[in-house]
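K.L.:
Sequence and predicted structure are below.
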Amino acid sequence: MSEVLNDAYLGIDIGSISTKGVLISPKGEILARSYLWTEGDPVSAVKHVLAELSSQARHDIAIRGAGTTGSARRLIGAMIGASVVKNEITAHAVGTTFIHPDVRTILEIGGQDSKIICLDGGIATDYAMNTLCAAGTGSFLSSQAARLGVEVEEFGEIALTSKKPANIAARCTVFAESDLVHKIQVGYAREDIIAGLCHAVASNYINNVGKGKKIVAPVVFQGGVSKNRGVVSAFEKLLGMDVLVDPDGHLMGAFGAALLAADKGAVKAEEGPFATGVLDMDAVQSFEFITREIECGKCANHCEIICVYRNGELIDSWGNKCERGELRPAASRR
């Protein structure tokens, strides 16, 4: 008698700093989760995430569909045969409203960028992203932690012991770092400097990413920085309201992508990772993926076209501004 398999759906959020992955049931229950550093190699990072998810999941799981989001979503979507490839705004909004149907504002701070999403009735009505100033991101806190000789994971607890946080300039990374060095030189207590840095991150976010946005409760804080209790406390003081942080808030983009994949249903593919109707993890691990950039000279645009190859065969391309630069995958030419 053959074993009955339980359907599951995969969500991957691939960023420049970290890669997140979840497996969920059709009802949205998280079955397995993974979070690791991208380290400049999104393909290898995703392979490691898949291996970790596979080791956590029950043996009777059958992955019927996949969704991707994040900066490398198109590349990873082609790699794993995803049926859903969505931007971070959509993925975070879908994931958060599933857990908090009444959420009105989502604050998200990652390693390299940050975003704010305003919602009404479960629908995203406004948003903003910041990819220019690092002073409001996780990488800024990490670099300052190294300067202070403290693990960034300890920042939150240390910040909460401060009775008088230092006033750190929060306008940009250069000003903040210069002010930090000055505070160290004049003898400020370490906990006061760390609390000041947490406040600076929250203040920079509100004054830049949240500028012109109406921040309405309930407010949910997400991203890796949401694990820093010092920054959470700073947000609550600056906003004058409670800020919710979920245990899986750092995985919300991946969770939203998985929910979108589950909503779309099982993937139907003639070839690739889903050729059998179930994601073949071993096949993805064995495939060789190469990305090349070519310049199209068929018109004055000279588009830079990104091509993704699986075992030497073109499986996806993008970047062309007109049909003359379109490159069709081998499967579509058969």
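P.N.:
Sure, I can see it. Numbers count the residues shown, from 1 in each chain.
K.L.:
rest of the way, CA atoms for contacts and neighbours
P.N.:
Noted.
K.L.:
Would you mind confirming that residue 25 is in contact with residue 8?
P.N.:
Yes. Counting by C-alpha atoms under 8 Å, residue 25 touches residue 8, with 4.7 Å between them.
K.L.:
between the two, who's got more neighbours?
P.N.:
Neighbour comparison, residue 25 and residue 8: the larger count goes to residue 8, with 29 against 20 (by other C-alpha atoms under 10 Å).
K.L.:
Spell out which helix or strand contains that one, please.
P.N.:
Using DSSP states H and E, residue 8 falls within strand 6-14.
K.L.:
Strand partners (parallel or antiparallel) of that strand?
P.N.:
Strand 6-14 has the following sheet partners, assigned by DSSP bridges: strand 18-24 (antiparallel), strand 61-69 (parallel).
K.L.:
any chance of the ones you listed in JSON lines, with mean neighbour count too?
P.N.:
JSON lines is the format used below for the strands paired with strand 6-14 (neighbours: other C-alpha atoms under 10 Å):
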{"stretch": "strand 18-24", "mean neighbour count": "25"}
{"stretch": "strand 61-69", "mean neighbour count": "26"}
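K.L.:
that older thread, the strand holding residue 8: which residues count as buried?
P.N.:
7, 8, 9, 10, 11, 12, 13, 14 (16 or more other C-alpha atoms under 10 Å).
K.L.:
Can I get that strand as PDB, trimmed to CA atoms?
P.N.:
What follows is strand 6-14, C-alpha atoms only, in PDB (Å, rounded to 0.1, in the frame of the first residue of the first chain):
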ATOM      1  CA  ASN A   6       0.700  15.500   2.800                       C
ATOM      2  CA  ASP A   7       0.700  18.600   0.500                       C
ATOM      3  CA  ALA A   8       3.000  21.500   1.400                       C
ATOM      4  CA  TYR A   9       4.100  24.800  -0.200                       C
ATOM      5  CA  LEU A  10       7.500  26.400  -0.200                       C
ATOM      6  CA  GLY A  11       8.300  30.100   0.200                       C
ATOM      7  CA  ILE A  12      11.700  31.700  -0.300                       C
ATOM      8  CA  ASP A  13      12.700  35.300   0.500                       C
ATOM      9  CA  ILE A  14      16.200  35.900  -1.000                       C
END
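K.L.:
Sketch out the low-pLDDT regions of the stretch 201-334 of the chain for me.
P.N.:
Per-residue confidence for the stretch 201-334 of the chain (pLDDT under 70) gives these ranges: 318, 325, 328-334.
K.L.:
just the strands in it please.
P.N.:
Ranges of strands in the stretch 201-334 of the chain, per DSSP state E, counting those that start in this stretch, are 219-222, 243-244, 289-295, 304-310, 313-318.
K.L.:
And for the stretch 51-200 of the chain?
P.N.:
61-69, 84-85, 105-109, 114-120, 123-130.
K.L.:
In its sheet, which strands sit next to the shortest one, and in what direction?
P.N.:
In the sheet containing strand 84-85, its partner strands are strand 61-69 (parallel), by DSSP bridges.
K.L.:
what is the rounded mean pLDDT of the strand holding residue 8?
P.N.:
Per-residue pLDDT values across strand 6-14 average out to 95.
K.L.:
Centre of the chain to it, how far?
P.N.:
For strand 6-14, the separation from the chain centroid amounts to 14 Å (computed by C-alpha atoms, centre = their mean, to the nearest Å).
K.L.:
circling back to that earlier point, quick one, which of the strands of the stretch 201-334 of the chain gets closest to residue 82.
P.N.:
If you check each of the strands of the stretch 201-334 of the chain against residue 82 by C-alpha to C-alpha, strand 313-318 wins as the nearest, at 11.9 Å.
K.L.:
Throw the strands paired with strand 6-14 into TSV and include mean pLDDT and distance to residue 146, thanks.
P.N.:
Output for the strands paired with strand 6-14, formatted as TSV (pLDDT from 0 to 100; distance: least, C-alpha to C-alpha, whole Å):
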stretch	mean pLDDT	distance to residue 146
strand 18-24	95	19
strand 61-69	95	30
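K.L.:
tell me the angle of the longest helix along the chain relative to strand 105-109?
P.N.:
Looking across the chain with DSSP state H, the single longest helix is helix 190-208. Counting by axes from the mean of the first three to the mean of the last three C-alpha atoms, to 10 degrees, helix 190-208 lies at 120 degrees to strand 105-109.
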